[in-house]
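Student: Dropping the sequence and predicted coords here.
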Amino acid sequence: MPIALYRVDERLIHGQVTVGWGMRLRPTRYVVVDDALAGAEWEQDLYHLGAPPGVELTFLGTHDALDALAGWQGSPDVTILLTRDLEHMLQLSRGGALDGAEVNLGGLHHTPGRRSVLPYLFLSDSDFARIRELIQAGAEVTAQDLPGSPRTPASRILEG
Amino acid sequence: MSDTNRGAARGIVLTHGSMCFGMVDAVLKITGAPEDSIVALSNEGKGPDALFREVSELAGREPTIIFTDLFTGSCAFAARLVCRDPGSRRVVFGANLAMLLDFVFHRDLPLDDLVARLLEKGRDSIRALEPAPVPAADADRTLPG
């Protein structure tokens, strides 16, 4: 089965992902792609505490994730792939690796320089540019915090 | 109550959504404890960095116990980060009203003793009604209303 969900969410492993999406998609593997976290064992331990029992949780840097991506996409295991920012997802799209994939924006919160798009989605000018680049790389970008919530298309997101 | 004691611990109830506000409101209404003895903080609309900062600022340097709703999730994650070097801070996961009520009356205990006490109080308050046979004499009685 292909990767069931590509999600950008600052909180990574948390209730909306493990309960909201997890109960719907029944993943056997969560993959977090983040160059800083890939080398931070203590922080990884914290995220492991939040992972459902019996589910694999892997942390990889972008380079290693690009090498492994085709394997996950062709694996019978159900995978949810998470990044905590748009930049890491954009790096994964290089070379067409996310061509045809849907990228879910699930949680980017307010910080200085970001403006409100949806209650759970605040974007900076750089974020808007990254979304356009993801679309150019063949990804369909949508925003949806939970499976039962409205799915907002990129055209609306980009209106800002 | 220990509200005037300098070393008394402060409680931060850190939860998803508005649960924390309801819990703190109930504690204050039931006990009449000082408003600054226990405060509510929601994760609503906050990213991990913002939540970490808010919890850190609220905790300050005074003895503090952070109560979270769950053992995992963004609230528990922030609490763990804030208490990475625990010092005068402790975390209790899975807070309930019984332990919060006990907390406001025992804030001047040493933190580790207080945490042990709160865990016991909290666990002891979780019970199920044990089904019991209705005495024959009451079998025909109806509920009022």
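Tutor: Arrived safely. Bear in mind that the values here come from a model prediction, so they are computed numbers and not experimental data.
Student: check which helix or strand covers A:Ser116.
Tutor: A:Ser116 is located in strand A:115-118, with elements delineated by DSSP states H and E.
Student: Give me the packing partners of the helix or strand bottoming out on mean pLDDT in chain A, helices and strands only.
Tutor: Sorting the helices and strands of chain A by mean pLDDT, DSSP states H and E puts helix A:15 at the bottom, at a mean of 88. Packing contacts for helix A:15, counted by 3 or more Cβ pairs under 8 Å, 6 or more residues apart in numbering or on different chains; DSSP states H and E, involve no helix or strand. Where you see a C-beta, it was placed from the backbone N, CA and C, and this is true even at glycine.
Student: still on that earlier bit, what helices or strands is the helix or strand following the strand holding A:Ser116 leaning on?
Tutor: Downstream of strand A:115-118, the first helix or strand assigned by DSSP H and E is strand A:121-123. On a contact count with 3+ Cβ pairs under 8 Å, 6+ apart, strand A:121-123 meets strand A:115-118.
Student: anything in the strand it packs on sitting right up against chain B?
Tutor: No. Applying Cβ under 8 Å from any Cβ of the partner chain, one finds strand A:115-118 out of contact with chain B, separated by at least 9.6 Å.
Student: Now do the buried residues in that strand.
Tutor: A:117-118 (16 or more other Cβ atoms under 10 Å in any protein chain shown).
Student: That one pairs with which strands?
Tutor: strand A:121-123 (antiparallel) (DSSP bridges).
Student: can you give me the strands for the chain?
Tutor: No chain was given, so I picked chain A. A:5-9, A:29-33, A:56-60, A:79-83, A:102-107, A:115-118, A:121-123, A:140-143, A:152-153 (DSSP state E).
Student: Sorry, I should have been clearer: chain B.
Tutor: Secondary structure of chain B (DSSP E): strands at B:10-15, B:38-42, B:64-68, B:89-93.
Student: residues contacting A:Leu105?
Tutor: Applying Cβ atoms under 8 Å, 6 or more residues apart in numbering or on different chains, we find A:Leu105 in contact with A:7-8, A:86, A:121, A:131, A:141-144, A:157.
Student: most neighbours, which of the residues you listed?
Tutor: A:Val8 (28 neighbours; other Cβ atoms under 10 Å in any protein chain shown).
Student: Name the residues that touch stretch A:85-100?
Tutor: Contacts of stretch A:85-100 (Cβ under 8 Å, 6+ apart): A:6, A:8, A:10, A:33-35, A:62, A:65-66, A:69-70, A:81, A:83, A:103, A:105, A:108, A:127, A:130-131, A:133-134, A:137-140.
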